[in-house]
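> Give the three-dimensional model of this entry:
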Amino acid sequence: MAGKKYENAAKNIDRQKRYDLQDALKLVAANKVASFDETVEMAVRLSVDPRQADQNVRGTVVLPNGTGKVARVLVLAKGEKEKEARDAGADYVGGEDLVKKIQEENWLDFDRVIATPDIMGAVGRIGKILGPRGLMPNPRVGTVTFDIAKAVQEVKAGKVDYRVDKAGVVHAPIGKLSFGDEKLAENANALLASIMRAKPASAKGNYIKSVALASTMGPGVKVDTASTTKVAAAA
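I've put the predicted structure just below:
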């Protein structure tokens, strides 16, 4: 049944056309397939070679309207930083005890992990568990820090980490369909502006090659990159 719904929705979209961002978002909403509030994801293809260390685009952005999902945050820290994490709203806080729990029980009831630099030696022991799931703390995206309160608050506010994949594409959520196209457009432009700022000096040609949007279960819609990059560059 879902396959039939998808096929019918796909017929309403011209696969050869690149739509204005607002029009693309309206199309995504009008052709939703699932009965739940689907997440809208943006896929941005870049003219980079991720095999080159200096072109491995990575960054973070706090979406102005959040993601529509409140992340469960685990903080690994010691001493006073544990209290700071709890006061900031972290869902789980601990040190060696929680590292051991993850290591021995494969406990993964959280969405993001933040750690202080002084406990990273212990966190390294669970790198093989956290790494493949994209959960390993990293100073480049602000999840290894002594400023625990700020890091927790940003994640709870809708901070998104992104990284180019092997095919040169960045995939990231920009909110829920229930947000409406204006709030989704604001989030989309914030993400694009962040990706523009992360442009490697060695990137050649048109940095952003293509942009597409899709809801969790719905068909993809191509976006006119000329309009999006202009707005993002001005942001």
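
> Break this structure down into its structural domains.
14-67+159-234, 73-156 (automatic domain parsing).

> Worst mean pLDDT among those?
Lowest mean pLDDT within the domains of the chain: domain 14-67+159-234, at a mean of 89.

> quick one, helices of the protein?
2-10, 21-30, 80-88, 96-105, 120-123, 127-130, 148-157, 181-197, 225-234 (DSSP state H).

> what's next to the first one, contact-wise?
Spelled out, it's helix 2-10. 31-34, 217-219 (Cβ atoms under 8 Å, 6 or more residues apart in numbering). C-betas here are computed from N, CA, C, even on glycine.

> For stretch 123-139, buried residues please.
Neighbour-count burial for stretch 123-139, with 16 or more other Cβ atoms under 10 Å as criterion, is recorded at 123, 126, 130, 135-138.

> which one of the residues you listed is nearest residue 158?
Of all the buried residues of stretch 123-139, residue 158 sits closest to residue 135, with 17.7 Å by Cβ to Cβ.

> Tell me how far that closest one lies from residue 51.
Using Cβ to Cβ, to the nearest Å, residue 135 is found at 24 Å from residue 51.

> So what's the residue count around residue 36?
10 (other Cβ atoms under 10 Å).

> Just send the helices of the chain back as a markdown table, with distance to residue 69 too.
Listed next are the helices of the chain as a markdown table, based on distance: least, Cβ to Cβ, whole Å:
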| stretch | distance to residue 69 |
| --- | --- |
| helix 2-10 | 22 |
| helix 21-30 | 18 |
| helix 80-88 | 18 |
| helix 96-105 | 22 |
| helix 120-123 | 24 |
| helix 127-130 | 19 |
| helix 148-157 | 11 |
| helix 181-197 | 13 |
| helix 225-234 | 23 |
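
> so which of the ones you listed comes closest to residue 65?
helix 181-197 (4.3 Å).
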